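S.K.: Fold the following and give me the result.
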Amino acid sequence: MAEPIGLRDGNVSRGGGSGELRQSNLTAILRYLRDHGPSSRHDTARGCGLGVSTMTDLVGDLRSRRLVVELDPIRRPGAGRPTRPIALDGEPWCVMGVHVEVDRVHVHGATVGGTDLWRETLPAVFADNHDGATVLADLLGAQLDRIPEGHQLVAVEIAVPGYVGPDGMTVTSRALGWDGAGVGKAVRAALAEAGLTDVSVGISSDFHLAGLYAARVLLNDPSSTVAAYFGGMSEVGSALVVNGEIFRGAGGGAGDLAHLHVQADGPQCWCGRHGCLNSVVRIQELLVRAGLRDADEAAELVLTDPEQAVGLLVEGARANQPEVCHALDQAGSSLGRAVDDVLGSVNPHAVILGGYLGHLAPFLMPALDRQLRARVHEGPYADTQILVTDEDPPVTAGAVLAARDACLYDPLALTTPLR
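M.R.: Residues are numbered from 1 along each chain as shown. Okay, here's the model as predicted:
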C-alpha cells in the first residue's frame, strides 16, 4: 500500500493483518495520552474508538513494555468506584535528539517518557571533510556511553541544516557542503557496530523540528490544529505542522515557505531566486537597509554573532531611528505577503513567528497586520491566530520529540515486554 503523501510510515493508521491493527491501536492509545495527558481508560477508549475489552488487553501490553503506567485511583464526585488514570511511562527507553550545525553537534538524551538524561555540545568539522556523514556517525557512536544503566536506546532523530532526500536517509546541505550525504546509512552502521540493530533513525530539516516543537508547546490542541511556522537565527526557515505532525509533502520538502516570492525586484537568495521572503528579511539584508552596517560588515556580524546583529535592529527600532524603522516596516510588509499567501493556500489555525522574527515581532507586526487586513475579514480566515515566541529555535528539543514519537508510533518493533 502506498504511503499517504506527507506522513512518515509511523504516522499512518493501518489496516489489514491483525498485527498491523494491533500496532495501530497501541499507537492510538499512546498518542492520545501524549496529547491529552493522564486519562481514564474510559476516556482513552472513547478517544481512540476502542471497546472496553480491547482496551484492557492493549493497556496490559503497554504496561508490560513500560510504555504506560497506572496512577493512583481518583474518586470523582457522586457514586461509583474510583478511576485509575493511565499515563505515559517510557522511562526504560532512551532516545537521542541531535542538532547538526556547521561547527558543532548538540546531543540531547532523554527517555520516551520525557525525562532528561544528558545534554552535550561537541565541536565538529564537516565542510572540509570528505565524508561528513561518517564524522557525525562517529560522534554519535561515542555518545552511546552516556546512556545510563538500565536504559535502552530505541530512537535517534537528527536535525540538519538542509534538505533530506525522499529516502529519508540522505542529506543535501549548502552550509555543510553535503550533496546527498549518506547520513542515515552511516549512523545505522555505527549503531550496528555497537550491537544496536533495531534503533529507529530519523533525519529532518532543522526548521521542521523547530516548527514541531513550537506547535506542540504553543497550541492548545496541536493534535487537531494546522500551523505554519516561520523562524530562524539569522535567516528565515519554515515548516507546516498538521495535527501535531510535520507535514513533509511528496518528497520531504513541504513547508518551504521561507522561499515564497514577495518582492519582484528583491535581492538574490542563496537558493538562486530573487525576491523570496528569506532574501528580503534575513538579518544581513535588514542591517544594510537600516544603514547599520555595509554588506561585508553585515555578513561578518551575522556569521560571528547573530544575536548582536538582532540586538542592533531592536535597539535602533526602540530609539525610533528612521532608517531602522523603515527597514523593519518593509520587512513586516514582505512577511505579511508571505503569511497572506499561506493563509490562502493552507488556511492554518495559527501562524507562529519564532527565532529572530519573534524578537523583531513588535516592530514587524503593524505592517504585517495591514497586509493581512483584507484577508482576515473573510470568514475562513477570521479566526487565524498569529502567535509570537521570542525563544530561539529549540531544534534539539524538537528532535527529542520526534525521536520519542518514533517509539510511540512503532512500539511493537522498538520495545519488548519487561515483565
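S.K.: Sticking with Arg188, tell me its helix or strand.
M.R.: Using DSSP states H and E, Arg188 maps to helix 183-193.
S.K.: In that helix, which of the residues would be classed as buried?
M.R.: The neighbour-count criterion (16 or more other Cβ atoms under 10 Å) identifies 183-188, 190-191 as the buried residues of helix 183-193. From N, CA and C alone the C-beta is placed, and that goes for glycine too.
S.K.: Then stretch 204-222?
M.R.: Across stretch 204-222, burial judged by 16+ other Cβ under 10 Å covers 204-216, 218-219, 222.
S.K.: and of the residues you listed, the nearest to Ile352?
M.R.: Of all the buried residues of stretch 204-222, Ile352 sits closest to Ala214, with 4.9 Å by Cβ to Cβ.
S.K.: Not counting its neighbours along the chain, what's nearest that closest one?
M.R.: With Cβ to Cβ, 6 or more residues apart in numbering as the criterion, Ala214 has its nearest non-adjacent residue at 4.9 Å, and that residue is Ile352.
S.K.: Check the gap between the one you found and Ser345 for me.
M.R.: Using Cβ to Cβ, to the nearest Å, one obtains 17 Å as the distance from Ile352 to Ser345.
S.K.: which residues of the protein score low on pLDDT?
M.R.: In the prediction, the chain carries residues with pLDDT under 70 at positions 1-18, 76-80, 127-130.
S.K.: which element is the residue nearest the centre of it on?
M.R.: Nearest to the geometric centre of the chain sits Leu209, at 1.9 Å (Cα atoms, centre = their mean). Secondary-structure element containing Leu209, defined by DSSP H and E: helix 206-218.
S.K.: what helices or strands is that helix leaning on?
M.R.: Applying 3 or more Cβ pairs under 8 Å, 6 or more residues apart in numbering; DSSP states H and E, one finds that helix 206-218 contacts strand 93-100, strand 152-160, strand 226-231, strand 237-242, strand 245-246, strand 350-353, helix 395-409.
S.K.: Tell me how the chain divides into domains.
M.R.: Here the chain is described, according to automatic domain parsing, as comprising the domains 9-88, 93-208+396-414, 222-393.
S.K.: Pop out the phi and psi values for Asp296.
M.R.: The phi and psi values for Asp296, taken as degrees, to the nearest 10, are phi -70, psi -40.
S.K.: Leu88 now?
M.R.: Backbone dihedrals for Leu88, given as degrees, to the nearest 10, come out at phi -60, psi 140.
S.K.: Pull the contacting residues for Ala228.
M.R.: Ala228 makes contact with 238-241, 255, 257, 339, 342, 346, 348, 350-352 under the criterion Cβ atoms under 8 Å, 6 or more residues apart in numbering.
S.K.: Of the residues you listed, just say which sits nearest to Pro306.
M.R.: Taking Cβ to Cβ as the measure, Pro306 lies nearest Ser238 of the contacts of Ala228, at 17.6 Å.
S.K.: residue contacts, that closest one?
M.R.: When contacts are counted by Cβ under 8 Å, 6+ apart, Ser238 touches 207, 211, 228-231, 255-258.
S.K.: That one: what's its closest spatial neighbour, skipping adjacent residues?
M.R.: Taking Cβ to Cβ, 6+ apart, and ignoring the residues beside it in sequence, Ser238 has Leu257 as its nearest neighbour in space, at 3.8 Å.
S.K.: same check, this time on Cys325
M.R.: The shortest distance from Cys325 to any residue other than its chain neighbours is 5.9 Å, reached at Ala317 (Cβ to Cβ, 6+ apart).
S.K.: what about that neighbour, distance to Leu414?
M.R.: When distance is defined by Cβ to Cβ, Ala317 is 49 Å away from Leu414.
S.K.: Compare those two (neighbour count), which wins?
M.R.: More crowded of Ala317 and Leu414, by other Cβ atoms under 10 Å: Leu414, with 23 against 19.
S.K.: All set, thanks.
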